[in-house]
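**Student:** Build me a model:
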Amino acid sequence: MTTRALLIEDEPEGLENLKNLLRMYCPDVEVVATGGSNADLLKLINEERDNQYDVAFLDISLPDGLVFQGLQQLDEVPFDIIFVTAYDKYALKAFEFAAIDYVTKPIEREELMRAVSRIRLKNTDTKARLEVLQQNYNPTGANAFEKIGISALDGVHFVRLSEIVRLEAEDNYTHFMLNTGDKITASRTIKAYEDTLAQLNFVRVHKKHIVNMNFMKTYIKGEGGYLILDNGDSIEVSRRKKSALMDSVRRNHDI
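**Tutor:** All right, here's what the predicted structure looks like:
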């Protein structure tokens, strides 16, 4: 099935490069419209109401402002989004938290193919993911992050970091255990979340476990030892991860 794509990129060379890469490596993607500004974005979306796009590849910085300014003017966003951006560690983390795909310039073939493979056709939650992205897209430091989008089997769940007690790995899936007692199963490995949450008081204490240090109640010493959390969960600490745990304890409790 053909995936209809809108491309918004203000640099002609960048636009042609993206079109060529899609034609060569993503043949199911048909580029049906292109533009280079927020004004173009709004015009092309309004023109295409009867035969909507499946995905939009959007450069973030446009001549008439950040692309968010255009997106904010839409009542709904009935297509998926892949952002095209220069490397910015903070911005990339914001994308991860909002469960929105991106490719970085210069665009690599494998990265583009991976993002295209995750396009959500007939998407219904793009607007919600954009709202989380805009909340987090504020490069004032890691503490600005409040919510994360979790891509689960039944859709994307948006959860406050303060509600996540721990993460538990099961093969290529990750279970998020919340302080409400609910569990959300994500279709990503725990390693992906370890990197995303590393600076936000979440610590990998075992190959199967990441814990929110705000919920740590007791550490029982041993070869690796184990943690008792506020909800009563007992979590094994591996010998290899013990030093990382103790470093986090010292940072947060000044001991």
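
**Student:** Tell me which helix or strand residue 151 sits in.
**Tutor:** strand 147-152 (DSSP states H and E).

**Student:** Show me what that strand is packed up against.
**Tutor:** helix 89-97, helix 126-136, strand 155-160, strand 183-186 (3 or more Cβ pairs under 8 Å, 6 or more residues apart in numbering; DSSP states H and E). Placement of C-beta: from N, CA and C, glycine included.

**Student:** you'd agree residue 234 is up against residue 219?
**Tutor:** No. Using Cβ atoms under 8 Å, residue 234 is not in contact with residue 219; the gap is 11.2 Å.

**Student:** neighbour-wise, which of the two wins?
**Tutor:** residue 219 (16 against 10; other Cβ atoms under 10 Å).

**Student:** for that one, phi and psi?
**Tutor:** phi -110, psi 120 (degrees, to the nearest 10).

**Student:** which residues does residue 177 bridge with?
**Tutor:** Applying DSSP bridges to residue 177 gives these bridge partners: residue 166, residue 183.

**Student:** sorry, back to before: in CSV, list the helices and strands packed on strand 147-152 along with mean pLDDT.
**Tutor:** Formatted as CSV, the helices and strands packed on strand 147-152 follow (pLDDT from 0 to 100):
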stretch, mean pLDDT
helix 89-97, 81
helix 126-136, 83
strand 155-160, 89
strand 183-186, 94
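
**Student:** now for the ones you listed, which one comes closest to residue 41?
**Tutor:** Between residue 41 and the helices and strands packed on strand 147-152, the shortest gap by Cβ to Cβ is with helix 126-136, which sits at 13.1 Å.

**Student:** Just the residues contacting the closest one, thanks.
**Tutor:** 68, 71-72, 74, 76-81, 93-95, 97-100, 120, 144-149, 156, 158 (Cβ atoms under 8 Å, 6 or more residues apart in numbering).

**Student:** That helix: how far from the chain's middle?
**Tutor:** 10 Å (Cα atoms, centre = their mean, to the nearest Å).

**Student:** one step back: quick one: mean pLDDT for the strand holding residue 151?
**Tutor:** On average, the pLDDT along strand 147-152 is 88.

**Student:** do the same with stretch 67-85
**Tutor:** 90.

**Student:** Can you get me the start-to-end distance on it?
**Tutor:** 11 Å (Cα to Cα, to the nearest Å).

**Student:** List the buried residues of that stretch.
**Tutor:** Buried residues in stretch 67-85, counted by 16 or more other Cβ atoms under 10 Å: 67, 70-71, 77-85.

**Student:** Of the residues you listed, which belong to strands?
**Tutor:** 80-85 (DSSP state E).

**Student:** could you redo these as JSON lines and give each row distance to residue 201?
**Tutor:** Converted to JSON lines, these look like this (distance: Cβ to Cβ, whole Å):
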{"residue": "80", "distance to residue 201": "31"}
{"residue": "81", "distance to residue 201": "29"}
{"residue": "82", "distance to residue 201": "30"}
{"residue": "83", "distance to residue 201": "27"}
{"residue": "84", "distance to residue 201": "31"}
{"residue": "85", "distance to residue 201": "27"}
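
**Student:** Now do the phi/psi pair for residue 188.
**Tutor:** phi -140, psi 160.

**Student:** tell me, how many neighbours does it end up with?
**Tutor:** Counted with other Cβ under 10 Å, the neighbours of residue 188 add up to 16.

**Student:** The residue nearest to it when sequence neighbours are not counted: helix or strand, and which one exactly?
**Tutor:** Leaving aside its sequence neighbours, residue 188 sits nearest to residue 174 (Cβ to Cβ, 6 or more residues apart in numbering; 5.9 Å). Assigning secondary structure by DSSP H and E places residue 174 in strand 173-178.
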